[in-house]
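1. below are the sequence and a predicted model for it; my questions follow.
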Amino acid sequence: MNNNLKYRHELKFMINYHQFYLISSRLRNLMSRDKHAGPTGEYHIRSLYFDDMNNKALHEKLGGIRDRVKYRIRIYNVQDHIIHFEKKIKRDDYIAKVKESLTRDMYEAIIAGDYEVLHQPDKPFMMELYNEMNHNLLRPKVIVDYVREPYVCHNGNVRITFDKELRTGLNSTDIFNKDLSSVRALDDNLIILEVKYDEYIPGYIQTALQLQGLTRQSASKYVICRKFLKTNTWEDY
């Protein structure tokens, strides 16, 4: 693994609302709310995922390749004061993230096909994106949209999130469209529980989670949402 990156453990589970209410009620007394969460303890995430001309990210996930990457632009609460271009790196059971900030004008240029805004030789990740766009035809593929309820704990640097109301934009790459046409991508009763940590999960949090009673999943929001694109057929997969 690249020693310059901070790799973390990531566990994913599909739970129903009954399980969510039980687990979240325990965590509220043990963990802090994420500082970015609003009055309801939640915030909205919208990501635009990219893939190359061979749909490499999609096929590697479906093929069970354990070492892989995904690229996405992410915003919060459909606002443009924080825009990140991110690379999520998966190595076995560990994840790491590389990201750079974008301005709204840079985002609009990228969506319009002007990748010169990424040509910044002093920023390696920007140059990586620039090369991916020009040589591997990395392009926007699908919008992934959900509401996140996050909890954090300093001990073990634990972050637990409940991702609800997973939706996908229908054949649109405009993540700032407040009237985005979208559909539910998961059963109404399902929530994605994610547990991220550095070296350990404190025992009292493990007890609250009762992970031994849950079935670990390989839940990729990107893959779940890709199947709703009208331009795809299952033969593409």
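-> Done, it's in.
2. pull the residues that contact stretch 107-127.
-> Stretch 107-127 has contacts (CB atoms under 8 Å, 6 or more residues apart in numbering) with 73, 80, 83, 85, 87, 98-100, 102, 105-106, 129-130, 133-134, 140, 173-174. C-beta here means a position set from N, CA and C on the backbone, and glycine is covered the same way.
3. try it again at 10 Å.
-> Applying CB atoms under 10 Å, 6 or more residues apart in numbering, the external contacts of stretch 107-127 come out as 48, 50, 71, 73, 75, 80, 83, 85-87, 98-100, 102-103, 105-106, 128-134, 138-140, 173-176.
4. stretch 195-205 too?
-> By CB under 10 Å, 6+ apart, the list of residues contacting stretch 195-205 from outside reads 6-13, 26-27, 29-31, 95, 151-161, 206-209, 211, 214, 216.
5. narrow the contacts of stretch 107-127 to those that are buried.
-> Neighbour counting with 16 or more other CB atoms under 10 Å marks 48, 50, 71, 73, 75, 83, 85-87, 98, 100, 102, 106, 128-130, 132-133, 138, 140, 173, 175 as buried within the contacts of stretch 107-127.
6. so, low pLDDT: which residues of the protein?
-> Along the chain, segments meeting pLDDT under 70 span 1-3, 229-237.
7. inside helices: which ones of the contacts of stretch 107-127?
-> Judged by DSSP state H, the contacts of stretch 107-127 include 105, 106, 128, 129, 130, 131, 132, 133, 134 as members of helices.
8. adding distance to residue 227, write these out as a markdown table.
-> Output for the ones in helices among the contacts of stretch 107-127, formatted as a markdown table (distance: CB to CB, whole Å):
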| residue | distance to residue 227 |
| --- | --- |
| 105 | 33 |
| 106 | 30 |
| 128 | 28 |
| 129 | 26 |
| 130 | 30 |
| 131 | 29 |
| 132 | 24 |
| 133 | 25 |
| 134 | 28 |
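9. ok, so what distance separates residue 41 from residue 135?
-> 43 Å (CB to CB, to the nearest Å).
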